[in-house]
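Colleague: Return a 3D structure for these sequence lines:
(one chain, ligands or ions: 1)
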Amino acid sequence: MRLQVIGDPVLHSKSPALHAAMLSALGLDIPYDARTVRRGELPEYLRWAREHGVTGFNATMPHKEDVLPLLDEIDPAAKAVGSVNTVCLRRGRWVGFSTDGAGAAAALKHELSVDPAGLTVTLLGAGGAAKAVALALADAGAERVYVCNRTLSRAEGLCALDPSGRLTPAGFDGDALRRCAQASRLVVNCTSLGMAGCPGQFETFDFLDALPDGAAVYDLIYHPAETELLAQARRRGLPACNGLSMLVWQGVLALEHFLDRPLDRPAMAAAAAAALNQM
Ligand code: NAP
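Modeller: Model (predicted):
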């Protein structure tokens, strides 16, 4: 058995350390390493992986969507999102899963004690990560998720994917964000605004003042550990958390797929978080 994370770039990935910590906590001697696979090289990689005993891999940029047509089976959640981050070889067949959305939901529960059921949420962004998180929030019973995006058509496209009708597209200007925030108990940032190396910043954080008491803020970004959004939320006394916990929890759920058995999830998350905090 051998596990990998593939992508381009991928050598900076935290996944090997995260999975090594969990495998070690389980007493399993299973190697997990990073392999650079460029766009267009997936068919060749899948052949190589079979020949070299790779029984599972995590897919990151630019393969999360490109790998879909090459798989033998796709989990319904991954099909809904239109991307996979976890691929397992099961009885000779490549099976794809997406653990990003469920990982975010688990992080909200464990880090902010937030259960999305019945909540109204302001979700910022409509890219790949936003899609996974928005659909997971709807699936977890969120009453309404405002998908606020700079490019409104992209928010509309995302919301149209949800058959439950719980997702509502909205704009990204100050007024739109304030209106959505007024009704929301949770803000989730799924844009790249505030990420190290990403130009641009929120024009205003005034929308945080419109949140009702007890609202919380989650930022998918974890580099830097404290984005300006999180700093602004904390300054207003709002519970706030960065995306390292989502990274941890999507990894825990991926490992359950790789090993094809349930794990002690909190114990795995603790082992993974300890390893990441040492990096
Ligand atoms: P993506 O598909 O490229 O989407 C980027 C999103 O950010 C889009 O909604 C885009 O809006 C918005 N955006 C970018 N620049 C903007 C600006 N100047 N003003 C307003 N909006 C802007 O990226 P992604 O894969 O979804 O990733 C988004 C973020 O989530 C990244 O920071 C990534 O590191 C993080 N992430 C974290 C985890 C984790 O485990 N914690 C997992 C996945 C992703 P437009 O549609 O208008 O361009």
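
Colleague: Any idea what residue 169 is bridged to?
Modeller: residue 147 (DSSP bridges).

Colleague: which residues sit against the worst-scoring helix or strand of the chain on mean pLDDT?
Modeller: Ranked by mean pLDDT, DSSP states H and E, the helix or strand of the chain with the weakest confidence is helix 76-81, at a mean of 93. Identification of contacts with helix 76-81 by C-beta atoms under 8 Å, 6 or more residues apart in numbering yields 84, 96-98, 100-102, 131-132, 135-136, 139, 161. To be clear about C-beta, it is placed using only N, CA and C from the backbone, and glycine gets the same treatment.

Colleague: mind running it again at 7 Å?
Modeller: 84, 96, 97, 98, 101, 131, 132, 135, 161 (C-beta atoms under 7 Å, 6 or more residues apart in numbering).

Colleague: List phi and psi for the fifth one.
Modeller: If I follow you right, that is residue 101. phi -70, psi -50 (degrees, to the nearest 10).

Colleague: Report whether the expected contact of it with residue 131 is present.
Modeller: No - using C-beta atoms under 7 Å, residue 101 is not in contact with residue 131; the gap is 8.3 Å.

Colleague: How about the residues of the stretch 101-250 of the chain by the ligand?
Modeller: 125-130, 149-151, 154, 172, 190-193, 195, 200, 220-222, 243, 246-247, 250 (C-beta under 6 Å from any ligand atom).

Colleague: Spatially nearest residue to residue 108 (excluding sequence neighbours)?
Modeller: Leaving aside its sequence neighbours, residue 108 sits nearest to residue 114 (C-beta to C-beta, 6 or more residues apart in numbering; 4.3 Å).
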